[in-house]
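Participant: Take a look and give me a structure for this.
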Amino acid sequence: MSELQPITPREAVRLYLADREMELSEKSLENHRYRLDSWIAFCNEQDIDDMTDVTGRTIHEYRVWRQGGEGDDYEPISKATLKGNLATLRVFLEFCASIDAVEAGLRERVRVPKLESEEISRDEKLEEANAEEMLEYLEKFRYASREHAILALLWHTGIRLGTLRAFDVDDFDADERCLDVRHRPDEGTPLKNGLAAERSIALGEYHVGVLKDYIEHNRPEVTDENGRRPLFASAQGRLSDSPIRLTVYKWTQPCRWGECPHDEDPKTCEYRKRESLSQCPSSRSPHGVRRGAITKHLRDGTPEEVVSDRMNSSREVIEQHYDERSEREKMRLRRELIQDL
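Facilitator: Next comes the predicted model:
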C-alpha cells in the first residue's frame, strides 16, 4: 500500500481537471469545475488544507453542508442537484486515490442519493403566459432586435442553446420558411447529438419576418474565424453560450415587461445586475424555455413524433423530462383526434 502524499484540495482539483480535460467536453468540464469549487469552499471553511485528512465523516459533513446551502456563497440545492455534485465528488476522489492523495476506496464512502422518476424529470420551465407577455413586449419595443429574434426563435422551435448559436445566415431559407440544422464540429459548432441532430426546422410566417428584419437591420455584418456568417453575432463574431444565456435570463424576468412577482423595486433589486440575473426566482435558462416550448406543443395537440423530430429528442426523453400534461389532458387531446367519441 502506497504512503499518502500531502496535497491541498485546490491543487488536487486543479490536477483532476487537467487530467479530465482531454476526455470531457468543454461544457462537462465546466460543470465539474463548478461542482468542485464548492468542495474547495467547504474545505476552506473547515480548515482542511490537506486531502490526506479527508475521511468518510468529512464527506458526510460536506453533503449536509452543500445540501443545506451552509456555505457563504451557496444556496440550498435540490436532491437532483446534490446527486450531480456527489457523483462528481466520487469521481474526483477516485482520481485522488490514484495519485496517493486519499486512501483507496474512499470514493465508496460517498452516498449518492437515488431519485424517483418525478424527481429526475422535475425542472423549471418558462410558462406559456409569461412567454407570450415577454414576446409581446419585445415585439412592441424591440422588434427584430437580436434579443427578440433569439427569444422568439427559442420559444417557437424549442431548440437547444447549442443549436441556436450554430446557425449561419445561409442556414436560413426564407422562401422555404425553414432553418437548416448542421453539425460542424471542426468549425466550432458541434451539435449535442452529432449528425443525428441534422434536420430542417419549419418556421411560421411571422418568425420568418422577424429573422429577415433582424438580418437586414440589426445583425452586424461579421464572419467568424472560419469565414462563416453566424446568424446570431456581436461585433466580435459568433455569440458564445454566455451572452445567449444572459439574454434569456434577463428577458424572462417578469419585471422587464410587467410587474415583479416578488415585490422588489427594479431600481434596487440585486437580481437585475448582470452577474445575478440567473439567481432571480422567476428568470429561466435556455433549457427552461425549451422545456416550456415542448410542453406548449404537446398541450396544443402536436403529435409526439412531430415534437420528437422538431426538438431532436426521443419520445421517451420527452415523456420523462418535458411532458407535464395530466392524464386527463392527454385523454382530451386523444378525443379531439378521434372525432366519433
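
Participant: Burial check on R328, number of neighbours?
Facilitator: R328 is flanked by 8 other residues according to other C-beta atoms under 10 Å. The C-beta positions use only the backbone N, C-alpha and C, and glycine is treated the same way.

Participant: What of S78?
Facilitator: The burial count assigned to S78 is 13, neighbours taken as other C-beta under 10 Å.

Participant: again, but for the one 10 residues further on
Facilitator: By other C-beta under 10 Å, 22 other residues sit near T88.

Participant: Got phi/psi on it?
Facilitator: Main-chain dihedrals, T88, degrees, to the nearest 10: phi -70, psi -40.

Participant: buried set for the helix or strand that I244 is a member of?
Facilitator: Per DSSP states H and E, I244 falls inside helix 241-251. Neighbour counts over helix 241-251 (16 or more other C-beta atoms under 10 Å) mark 244-245, 247-251 as buried.

Participant: Repeat that for stretch 289-306.
Facilitator: In terms of neighbour count (16+ other C-beta under 10 Å), stretch 289-306 has its buried residues at 289-298.

Participant: Show me how far that stretch is from its chain's centre.
Facilitator: Between the centre of stretch 289-306 and the centre of its chain there are 18 Å (C-alpha atoms, centre = their mean, to the nearest Å).

Participant: repeat for stretch 300-314
Facilitator: For stretch 300-314, the separation from the chain centroid amounts to 20 Å (computed by C-alpha atoms, centre = their mean).

Participant: tally of neighbours for T163?
Facilitator: 26.

Participant: Relative to G162, how far out is the closest residue in space to it that isn't next to it in sequence?
Facilitator: Nearest non-adjacent residue to T163, counting by C-beta to C-beta, 6 or more residues apart in numbering: V181, 5.8 Å away. Using C-beta to C-beta, to the nearest Å, we find V181 at a distance of 10 Å from G162.

Participant: Overlap of the contact sets of these two?
Facilitator: L191 (C-beta atoms under 8 Å, 6 or more residues apart in numbering).

Participant: Settle it for me: which of those two has more neighbours?
Facilitator: Neighbour count, other C-beta under 10 Å: between V181 and G162, V181 has more, with 20 against 16.

Participant: quick one: contacts for that one?
Facilitator: Applying C-beta under 8 Å, 6+ apart to V181 gives the contacts 159, 163, 166-167, 171, 191, 197-201, 312.

Participant: gap between it and E133?
Facilitator: Computed as C-beta to C-beta, the V181 to E133 distance reads 29 Å.

Participant: picking up where we left off before, what's next to the helix holding I244, contact-wise?
Facilitator: Helix 241-251 is contacted from outside by 27, 134, 138, 146-147, 150-151, 154, 161-162, 164-165, 232, 234, 256-257, 274, 277-278, 280, 283-286, 288-289, using C-beta under 8 Å, 6+ apart.

Participant: Go through the residues you listed and flag which are in strands.
Facilitator: Taking DSSP state E as the definition of strands, the contacts of helix 241-251 contribute S234.

Participant: Buried ones among the contacts of helix 241-251?
Facilitator: Buried residues within the contacts of helix 241-251, defined by neighbour count using 16+ other C-beta under 10 Å: 134, 138, 146-147, 150-151, 154, 161-162, 164-165, 232, 256-257, 277, 280, 283-286, 288-289.

Participant: can you give me the strands in the stretch 101-250 of the chain?
Facilitator: Per DSSP state E, counting those that start in this stretch, the stretch 101-250 of the chain has strands spanning 172-173, 178-181, 199-202, 233-234, 237-238. These are given in chain order.
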